[in-house]
Structure formats: structure tokens, C-alpha cells
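Participant: build the 3D model from these lines:
(chains A, B, C and D)
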Protein chains: 4
Amino acid sequence: MTGKVGTNTESRKVACAASVAGSIGRTPEHLLSSREHKSVGTVVDIGGVPVGNTELAVMAGPCAVESAEQILRIAREVKASGANILRGGAFKPRTSPYDFQGLGKAGLEYLRAASSDTGLPVITEVIDPHHIELVVKYADCLQIGARNMHNYSLLREAGRSPRPVLLKRGLSASYKEFLLAAEYVMAEGNNQVILCERGIRGLSNELRFTLDLNAVPYLKDRTHLPVIVDPSHGTGNARLVPAMSRAAIACGADGIIVETHYSPKDSISDAIQTISTAELIQLIRELAALAKVVGRRIPLPLVK
Amino acid sequence: MTGKVGTNTESRKVACAASVAGSIGRTPEHLLSSREHKSVGTVVDIGGVPVGNTELAVMAGPCAVESAEQILRIAREVKASGANILRGGAFKPRTSPYDFQGLGKAGLEYLRAASSDTGLPVITEVIDPHHIELVVKYADCLQIGARNMHNYSLLREAGRSPRPVLLKRGLSASYKEFLLAAEYVMAEGNNQVILCERGIRGLSNELRFTLDLNAVPYLKDRTHLPVIVDPSHGTGNARLVPAMSRAAIACGADGIIVETHYSPKDSISDAIQTISTAELIQLIRELAALAKVVGRRIPLPLVK
Amino acid sequence: MTGKVGTNTESRKVACAASVAGSIGRTPEHLLSSREHKSVGTVVDIGGVPVGNTELAVMAGPCAVESAEQILRIAREVKASGANILRGGAFKPRTSPYDFQGLGKAGLEYLRAASSDTGLPVITEVIDPHHIELVVKYADCLQIGARNMHNYSLLREAGRSPRPVLLKRGLSASYKEFLLAAEYVMAEGNNQVILCERGIRGLSNELRFTLDLNAVPYLKDRTHLPVIVDPSHGTGNARLVPAMSRAAIACGADGIIVETHYSPKDSISDAIQTISTAELIQLIRELAALAKVVGRRIPLPLVK
Amino acid sequence: MTGKVGTNTESRKVACAASVAGSIGRTPEHLLSSREHKSVGTVVDIGGVPVGNTELAVMAGPCAVESAEQILRIAREVKASGANILRGGAFKPRTSPYDFQGLGKAGLEYLRAASSDTGLPVITEVIDPHHIELVVKYADCLQIGARNMHNYSLLREAGRSPRPVLLKRGLSASYKEFLLAAEYVMAEGNNQVILCERGIRGLSNELRFTLDLNAVPYLKDRTHLPVIVDPSHGTGNARLVPAMSRAAIACGADGIIVETHYSPKDSISDAIQTISTAELIQLIRELAALAKVVGRRIPLPLVK
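Facilitator: The predicted structure follows:
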């Protein structure tokens, strides 16, 4: 404890337990996620839909699967909009233990049925390493949420599963921490990882989160993994979703994941930030036009 | 001091001196900047160039005016790129009193000369109420920087000047505080105010700032004033400037303000975040294509 | 999607999946952690040492258990200093999968041996629900780290264990989220929970974290659970540990948890923020004097 | 623009206009505020009361001067409590131009009268360089508020005044920026500067600000200037003021500045965070006892 505060700290050993900004102990070329390790962009396959390719991914669906009827109706409307992947939560991470925790296995079954009906592959969240074996039977892609970005047991277990993983950035995670969380998955042998910027804790409470789109070009520069954006959580406000979806595509995102419902006000959860499926149709048309300008594409469904 | 911490605070009087998140004491329709007060978007005139119209504003130039030759050469290249407003600092707000503080009056003269040569109107920063009388003689628009967003004397004096004002958001200002800073200018009779999102203090130091593009659709919804974006300060990194400029336009910004130099590495200041004028040409072409998709336009110069 | 952005959101349903600031769906008196539910402060028993009582808890030890000899020597010096609980990590949560992950079961055995030798009860971190059954055999208290504050599977499993739980605040968790994480443990039947403020993500990188001591009186007002402070992670700098330990006790904390080593520079991890055991002796003397002034006490060992 | 994002930036020139974290262009020993420049702690004299000495400074008074009667009554009660400096705002920086802006010159006269009656020296805020000439006639110390920490014209003008300056930390200022703001004052020849930590923008809105007490030992290590703490703004909640005042003294602050009123609920402003003068008496007694333990002292008035 000699010398000035903050002086010469570099010459001391790096901190550990909470060394969240700490050294990674490897050169970039040894990190599986780095551009140095693999320069060509990775294309992740979600049930036949490529993510990271010229074609943009649009994942859409309700916050939570509420019933067989609800998810089926939404899936059909999502399909008709031109989105190519269905999202929906069966296991919900909730701040309070007394809140609705999702339908669990039944929710997975409803999702699968909606997928079979529409042909849309399915992505759903896992919050417990124990659930992965079950979820793998129903879902085409595992989502790991922001609050679990540092849940290393879950990351590792997902890394040992046969499904691609969509990894959301933690609420206050640095880019480096985000990339190292992906490294936990990849180190287990699963290189099918998609990164998702979903908003960070900001400085005011006027919006729920601050969508950090700087992350998109920054990460695309550093990693070969696809990067998508969640404008629903990233704004917490349905009115801002279209504008921020456009911004995401304009700055280079490989797709978006968006909450939608035929009647947002009737959804059990995330009503404030959920756009209607009618709005989704309009949004995808806008994104398709925008995609062309930035060298990407979204194939629109034929209007009947 | 009875009751629980944080309980019943609403029933006590609102806090004052630092009531930065406090009540504004007026209903929205009485705030001059509000959509309730004026529903039609304001078009600000900067030396003949309208901002807030269909046509996008592209303000470009060096961080600091360094010499008559430097600003003239940059102005000509900026003009050739299709940008429509010249920026350049004569009075520089510096964190340290020992850093280069700008050329002052000489800088203003060089700016004016470059403006006369190219026909581009000029925007430059004011950091002291005393300077406004002088700056008004040379500049077409007054810029008030992030660190002066709460400098009420400066805001008021700018409100009494005959020039439009570009007001940058403070480094940790809420949207409400930002709008109320504009209100200080407008309350003095100057309704020619442009808001500029330029990045907020973020949670990691991997980039200098976090560009908060949520601010664009949020503010456009609340105020009739034009909103532009500064991707140079908002990223602190020239490599991210093109992507974030596109994102800004895609989410509804009325323009951008960007630092450029014919040789960024030779600029006295902001070299890291300054794009070359060659890169500016390419960027404006991209933005022009993008603008059409979102119902805006940038007229490109004829290629000689 | 009618009405202004941010307007009337209260009248819509509360958001779900990431409703980190969301409604808790219960009145305060129904929350097990609330003062409304239980007005008298809870005293948690860690292997015979009460926490939350007049006597202050001082938990001290190395970041990681490195060898049987290392932890035994530190335990003896910790005991001699007057600290009453031994800390040490056997399972380490690491940002990178390639960093030292702890000695695991061997580390637990060394900890237990050091505990038997000195009589100090032992606290150690759990990072995986699967580990709890094992850790319970060796440790007197389970620590759940900041990065796992939202790991609901881990919280629930800890809630079903027979050991008290030290829960650290997440890096960007609100007070409400922190209390609701404790609720996850308590809802499973384990009411022996200690809260620990350990620093949040701040706005500059001059120190690793911002120790938020406002949390201490705020939480003590809202909950009957003991609240302690981690000045090692909360500052990331050994030079600041004594001052912030004093501040913690002065504002009402029920104790501290501090990293110490006989030779900080030789510790594998957290060297920068680890105080020497010689410094620990001096610190505890200072805290003992301070404790009296605020109505608490630390019994000092007899000087041999 | 070759190489990876964020790579080799060190080898490019440092950024300027917003180089808030930028290089200072001088070695520490050349900075007037540094310990390297002057190792012995500076004692600032406020109207005969030394700040930075063994004796602690307690500055207390209302948020705003509301009337001659109000400030006189408060001054007498402040004097009786044992506080040694009177605070009160005559010029108020307000987020909205439509809020109460203070009594101005009349407020200064009432303050002076209260000072003459009680013998307490007076500190009051300046928000405009033009006001300094006037304020100097009435006040013993100039306060520069958080929102003006980057107002370089104001800092310079204060540096040319014959009064000591209390400089508050900006809402999102780094320690380095804070010290460089002090450098602006000192570079003009005024070395009588006191630094004040008053809370930074935090991550939740449960409290108005996050009081960053890490700043106290960090700054005391780096600078010879006195450092005090404002627990009123730093918590935004009167219930937390006593605990955080104690914490401030325990971690080495040279004093506190606190808002007080004989009837907080009747104060025009800052009612939520203002303690009653009765609470002030109790607080100062606690601080006096605490001061002894950390080698400082507060002389208590004789009880009549």
C-alpha cells in the first residue's frame, strides 16, 4: 500500500473475483469470438433460417406464451408479416418471485405447435441449466437473457447443447464482458452464438433502458458473430420501436428481435413495449426498403 | 421526518436548487418547446439553409479552426462533399486550463472568410455570454456545448441574440432537463433552437460516450424543434461515425454534425474521432440513398 | 400506440420479462423482507456468530483459497486481528472462461480445516445451484455474488438450503430489485439473509466501482435484514479500504466483508484491492473505536 | 481509419472539444491542486473559520433565502447548533426558467444581516460571472454549483476574486475533471478552493443522486485542497442525511454542507432533503463524538 491511489496498479496482479473489466489472459487471436481468430462472419442457422447472412433476421412474437390459441394466432400473423423466426417466452425471469413465471413445459408445447403450423423456427428463453435438456426438444434456438449474461453455469450448459444461442447483453456489461460471456458458450464447443444489444441502464428513468447502438458497429468490428438488436426492451416503449428498428438495421445489425401481439393491451406482460402485429407488417415493409440501401434484404411475403 | 424513506415524498414540496428532475411548474402546453404548444415542426434557418425540413442538414468541419489555410481548405472540401453547413471551433471549452483554447477572434475571421469563399453558412461554439456580441458578427448559428447546457446565463444571452442556437445535450442530462434548457433560450424570444444528441456518460470506457439515439424519436415526439445528432462525439471513434450517422438519419434525425479534416491525424484536436474529407464524401452518398427511404433528401453535388 | 410517448403508460399493463423496475404485485406488508412485515431487525447466525446484532461482523480472508497453507495462515492472522468470520473463494466466477476458476472441492476442504483450527465460521461463494449440496457440508454461510443476483435458480436453491445466505447487490441493480432478489431466497423458507452493498457501475473508470453507501440507511429503513458492506470490491483499491470501512460502520452497516492476505502482492487474484493482514489489525482497532460512537461494538482480542 | 476500432488510439492525437477524459498536458507536479505540487494540506479561510484544519466545517442553512426573517431565524438556530458557517441561496440555478430564481441582491443583504447578527461567515452560490463583483461584497465564500463545474468563464472569474471558492462536483464529472475545474480557479491566482462531493447521477431513481464517498479518500490522496460533502443533495432525502453526514466524516471529509430550516415542510425549495434545525442540533452532537475517533473535532456550544 505504497504509492498514490490508482498509481502503478498495472504493475500489480490483476484483480479476480469481480475482475469484470479485468485482463482476459489471452491474446485476441486465441479468443474464439474474435475477428483475429476467424475473419469471416459466422452465419448461425436457426431451424433453417440463416442469421448473419445478407438476409436480415426478424424474430417476432409475444413476451410470454399465454395459451395455445394466443401463440398460434400471433405466429400466423408474424408469418404473414414477413418475419422469419417466432419468439415467445415459456420460462420467464421475473424480478419478483410472486409474479407470473411463464407456462413452462406447456408453453414450449404451444410454441412447437405454432411453429409446425407456420413453418417458423422458434426461439425461447432458458433461465436454468436444468431446463436446457427439455427446451432443446422444442426450440430451434436458446435465448439467454440480460440478467443471466454472467450465469456461467447456464452459459456452459448452453455451450454443450446442440442448439444455437442468442445471448443478450447484461444491463451494465461492457463490450468485453459481453464477448467473454459468448466465449463461455463457445469454449464448450458451440460456435453458433448470436449477440443481442437490448439496452443498458441509463441515467434517467424517462425510458426503461438506453439502447446502445454504438455496440453494433463496435462488436461487428471485433467479432465474427452475428449481432442483432432488441428495440422492444431497448426502448421500453412501443412508439419508439419502429424508429429504433430502422436505426439498428442502418448501423449494421444482422436483424432484430421484437415483441408483438395482435392486441398489445391484452398481453399479460410487456404491454407497453409490444407493437401490434398490424404495426409489425408496416415496420417490416420499412425495413425491407431500408435493407436494400445498406446491402441487405428482407423478402416480403406476397400480398394476397 | 416521519414515515418511511422515500414514502410520501410526493406530498412534500418539490426540491429546488438541484431539482434537476423536478417539477417544471407549467403544463406542457405552456412550454414553448412542446408539441402541445406548437404541433407543426419548426424549421430553423441557418444562413439560408433550412433545418427541420425535408432536406437533411449536414454540418461538417474541423474540431478547431487552426489557421486561415486549414479552415479554407476544409471548407472547400466540405462544400464539394455535399454538406451544407460549415462547423469549426474558435473558442474551445477545455477540461484543462493549460490546453489550447482556440484562436478566438482570429478563428472567427478565418471561418467567415471560408464561408464567403464557399457560400456555406457557419456554426461555431460560444462558451461565454460576453462572446456572443462578437460571435454574432461572424457566425450564422451559435452552438452551446454539452458542458454549458446548464449555463443559464449563456442560454439567456443566446436567447436574446439574433442567431439560431444549436443546443447540445448535457453529458448526463435527462430529456426533460434538455428541453428545459431549450426553454431558457426560447423564453427570451429566440425560437430558433436545434437540439443535438451527442452522447452521454456511459458505463464503460471502451468508447468515450454512449450515443443515445432513443433521444431522437423521443424528442421528436415531444417537441417541434429540429433534432440532430453528433456521431463524432457520440462515439469518439472515426470508425463508428458512418454507421452511427446512418442510424441517426434512419431513426428520424433532421441532420448530423460531424468532425472532418483533410488529414485527421494532423488535426490539433479530436483526431481520433475525426473522419477524413474523403470519408465524408462517401458518407454523404450513403446518407443520400438512405434519406430517400425515410422520406428525406440530401441533394448531392454534381460530380465533375 | 396512441397518445404521446411516455404518456399514460401507467394505465397500461406493467411490463414483464425485463420488468426490472416493475410492479411487485404485492403490498409491502406481504413482502417477507419488509419492515412492514417484520419490524424487528433480523439477527442472522453464521456458525454461532450473530450478524445484525449490536456486535459488528467483520468477515475477512483472501479472494481465493489458493492452498491449504495459504488459507490456514491467513485464517490465523484473521483470527488474531479480531475479525469474527473467515471468507475465501473455492468456486470463482470469472469474466473469462480461461481464467483460474478456483480450487473447487479441495478449496472447501482447506477452508473447513482453517475453520476448525481457528474456530472462525466460514463463508464462501456458490455460483451454481448444483454446488450447494456440496458447499453446505463445508461452509457456515453461502455467498451469492453480484453477477448472480438475478440468477433465480441459484437464489431458490439457496432458499431451500439450511445455511444463511449473504446476497450481494448486482452491479446495476436498484434497491427494489435487490430486495426482491432476497425475497426469492426467503420465499423458499430461508429467512436468514444478509444484504451486501459492494459497489455499482459508476461513471468513470478511475475506480472499479462506486460504493453506494446511501444503500445502507435506505435499506435499513426498508428491511429488517442485516446490511453489510464490501469495501474491497466497492473501491477496487486497498488504499481506500480503511476509509470506506469506517464510513460503512458510521452510516449504520452491520459489518464489513474485506479481502486480506499476508502478502497481497502474492495473491493470485484481487491483489490491488486486498489489504495486508497487518493493515487489517489496524483497521479493526479503528473500527472498534468508531463502533462505540454509533452504539455498536467490536470485541478486540487481547494483545499477547 | 485503418486498424481495429479502439486499437492504437493511444498513438493518435488526443481528442479535444469534449476531451473530458483527455490528457491534461502537464505532469502532476505542475498542477496547482496536486499533492505533488504541494504536499501539505491547504487550510482555506472562510471569514475567519478555517476549513481543512483539525476542526471540522459545518455549513448549514436553507436552500434559498426567502425573507429577512427566515434567514435570520435560521442563522440563529444554526449558530446555536454549533455549526460554524451559514449557507443560503440568493441566486438559484433552476432547471426551468419559470421557477423561482432567488431573491438576488435582496437575498444577499438578508444573508449579510444574518451574518452580522450571529457572527457566522456566509457562503452563497454564484451562477453568473457578472454577479461575482456584487456577491463578493456580501459573502465570505463563493459557491459554484454542480451544473456550473464546467462553466469556465465563471471558474476563471471566481479565480480572480478575493474570496475562497467552494466548488461542487459535476453530476457526471470524473475525479480528474473535478480537479481540473479547480485548476481553472487556481490558475487565476486563487488557491483558496474547497472541493465538495454532492452526489452523482446514479442508476436508479429511488434516490435523486448517488453520494460517491469514494471520492473523499481518493481526492484527499491526490490533492492538498480540503474536501467536504453535501449529504442533502447527495441523498435527496432528509432521513438519510444524518447517516451520510457521519459516513462523510468517518472517511475523512473536512466538513459537510447541509440544508436546514426551522420548518422544512414550509421551505419553498428542497423541502424533501432539508433537515430541521432540531435535527441539526442532534446531528452535530453525533458528529462531534465521531470526530474525536478520527482525530478531528467540532467544538460544541455550551448548553444554556
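
Participant: and the residue nearest the centre of chain A, what's its pLDDT?
Facilitator: Taking CA atoms, centre = their mean, the centroid of chain A lies closest to A:Cys196, which sits 4.0 Å from it. As predicted, A:Cys196 sits at a pLDDT of 98.

Participant: grab the longest strand from chain A for me.
Facilitator: Under DSSP state E, the strand in chain A containing the largest number of residues is strand A:255-261.

Participant: for that one, packing partners?
Facilitator: Contacts defined by 3 or more CB pairs under 8 Å, 6 or more residues apart in numbering or on different chains; DSSP states H and E place strand A:255-261 against strand A:57-61, helix A:68-81, strand A:227-229, helix A:231-235, helix A:241-250, strand A:275-276, helix A:277-293. The C-beta positions use only the backbone N, C-alpha and C, and glycine is treated the same way.

Participant: who in the stretch 151-300 of chain A is up against chain D?
Facilitator: Proximity of the stretch 151-300 of chain A to chain D, by CB under 8 Å from any CB of the partner chain, involves residues A:Ser172, A:Arg201, A:Leu203, A:Ser204, A:Asn205, A:Pro217, A:Tyr218, A:Asp221, A:Arg222.

Participant: surely the first one meets A:Arg201?
Facilitator: Yes. Taking contact to mean CB atoms under 8 Å, the distance of 5.3 Å between A:Ser172 and A:Arg201 places them in contact.

Participant: what average pLDDT does stretch A:73-82 get?
Facilitator: 98.

Participant: and stretch A:140-149, by the same measure?
Facilitator: Mean predicted lDDT for stretch A:140-149 stands at 97.

Participant: quick one: terminal-to-terminal distance for it?
Facilitator: From its first residue to its last, stretch A:140-149 covers 20 Å (CA to CA, to the nearest Å).

Participant: does chain C have contacts with that stretch?
Facilitator: Yes. Remark: stretch A:140-149 sits within contact range of chain C at A:Gly145, A:Ala146, A:Arg147, A:Asn148, by CB under 8 Å from any CB.

Participant: return the subset of the residues you listed lying in strands.
Facilitator: Using DSSP E, none of the residues of stretch A:140-149 next to chain C sit in strands.

Participant: and those as CSV, adding neighbour count and distance to chain D?
Facilitator: Converted to CSV, those look like this (neighbours: other CB atoms under 10 Å in any protein chain shown; distance: CB to the nearest CB, whole Å):
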residue, neighbour count, distance to chain D
A:Gly145, 25, 19
A:Ala146, 25, 14
A:Arg147, 26, 15
A:Asn148, 28, 19
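
Participant: which of the residues you listed come close to chain B?
Facilitator: Applying CB under 8 Å from any CB to the residues of stretch A:140-149 next to chain C, one finds that nothing falls near chain B.

Participant: from these, pick the one nearest chain B.
Facilitator: Using CB to the nearest CB, A:Ala146 comes nearest to chain B of the residues of stretch A:140-149 next to chain C, at 13.2 Å.

Participant: what are the neighbouring residues in contact with the closest one?
Facilitator: With contact taken as CB atoms under 8 Å, 6 or more residues apart in numbering or on different chains, A:Ala146 is in contact with A:Lys168, A:Arg169, A:Gly170, A:Leu171, A:Arg198, A:His233, C:Ala18.

Participant: swap the cut-off to 6 Å and go again
Facilitator: By CB atoms under 6 Å, 6 or more residues apart in numbering or on different chains, the residues touching A:Ala146 are A:Lys168, A:Gly170, A:Leu171, A:Arg198.

Participant: check those residues one by one and keep those near chain C.
Facilitator: Among these, the residues that sit close to chain C (CB under 6 Å from any CB of the partner chain) are A:Leu171.

Participant: and which of the contacts of A:Ala146 is nearest to D:Ala139?
Facilitator: A:Leu171 (44.4 Å; CB to CB).

Participant: ok, that closest one - contacts?
Facilitator: A:Leu171 is in contact with A:Ala146, A:Ile200, A:Arg201, C:Ser172, counting by CB under 6 Å, 6+ apart.

Participant: in the sheet, who's paired with the second one?
Facilitator: Legend: beta-bridge partners of A:Ile200 under DSSP bridges are A:Thr210.

Participant: so what pLDDT did it get?
Facilitator: At A:Ile200, pLDDT is 95.

Participant: and what of the last one?
Facilitator: As predicted, C:Ser172 sits at a pLDDT of 93.

Participant: so is it in a helix, a strand, or just coil?
Facilitator: At C:Ser172 the chain is in coil, as set by DSSP: H, G, I helix; E, B strand; the rest coil.

Participant: that one: what's it in contact with?
Facilitator: A:Leu171, A:Ser172, A:Arg201, C:Arg201, D:Leu203.

Participant: now the second one
Facilitator: Shown here is A:Ile200, whose contacts under the criterion CB under 6 Å, 6+ apart are A:Leu171, A:Thr210, A:Asp212.

Participant: and it, how far from B:Gly170?
Facilitator: A:Ile200 sits 19 Å away from B:Gly170, going by CB to CB, to the nearest Å.

Participant: one more: the last one?
Facilitator: Taking CB to CB as the measure, C:Ser172 falls 21 Å from B:Gly170.

Participant: got the residues of the stretch 201-304 of chain A near chain B?
Facilitator: Contact residues (CB under 6 Å from any CB) of the stretch 201-304 of chain A with chain B: A:203-204, A:206-207, A:210-214, A:217, A:235, A:240, A:243-244, A:246-247, A:250-252, A:289-290, A:293.

Participant: buried ones among those residues?
Facilitator: A:203-204, A:206-207, A:210-214, A:217, A:235, A:240, A:243-244, A:246-247, A:250-252, A:290, A:293 (16 or more other CB atoms under 10 Å in any protein chain shown).

Participant: show me where the stretch 51-200 of chain A has its helices.
Facilitator: Taking DSSP state H, counting those that start in this stretch, the helices of the stretch 51-200 of chain A run over residues A:68-81, A:105-118, A:132-138, A:152-159, A:175-186.

Participant: same list (those) but as JSON lines, adding distance to chain C.
Facilitator: Formatted as JSON lines, these follow (distance: least, CB to the nearest CB, whole Å):
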{"stretch": "helix A:68-81", "distance to chain C": "14"}
{"stretch": "helix A:105-118", "distance to chain C": "13"}
{"stretch": "helix A:132-138", "distance to chain C": "12"}
{"stretch": "helix A:152-159", "distance to chain C": "4"}
{"stretch": "helix A:175-186", "distance to chain C": "5"}
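
Participant: in CSV: these, plus mean neighbour count.
Facilitator: Shown next, in CSV, are the helices of the stretch 51-200 of chain A (neighbours: other CB atoms under 10 Å in any protein chain shown):
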stretch, mean neighbour count
helix A:68-81, 21
helix A:105-118, 19
helix A:132-138, 16
helix A:152-159, 24
helix A:175-186, 24
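
Participant: so can I have JSON lines of those helices showing distance to C:Ala106?
Facilitator: Below are those laid out as JSON lines (distance: least, CB to CB, whole Å):
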{"stretch": "helix A:68-81", "distance to C:Ala106": "48"}
{"stretch": "helix A:105-118", "distance to C:Ala106": "38"}
{"stretch": "helix A:132-138", "distance to C:Ala106": "28"}
{"stretch": "helix A:152-159", "distance to C:Ala106": "19"}
{"stretch": "helix A:175-186", "distance to C:Ala106": "23"}
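
Participant: re the thing from before, closest to chain C among the contacts of A:Ala146?
Facilitator: Nearest to chain C among the contacts of A:Ala146 is A:Leu171, at 5.0 Å by CB to the nearest CB.

Participant: so the closest residue to chain C within the stretch 151-300 of chain A versus C:Glu177, what's the distance?
Facilitator: Per CB to the nearest CB, A:Ser269 is where the stretch 151-300 of chain A lies closest to chain C, at 2.3 Å. Counting by CB to CB, the gap from A:Ser269 to C:Glu177 is 17 Å.

Participant: ok, now A:Gly48?
Facilitator: For A:Gly48 relative to C:Glu177 (CB to CB), the value is 38 Å.

Participant: that concludes my questions; thank you for your assistance.
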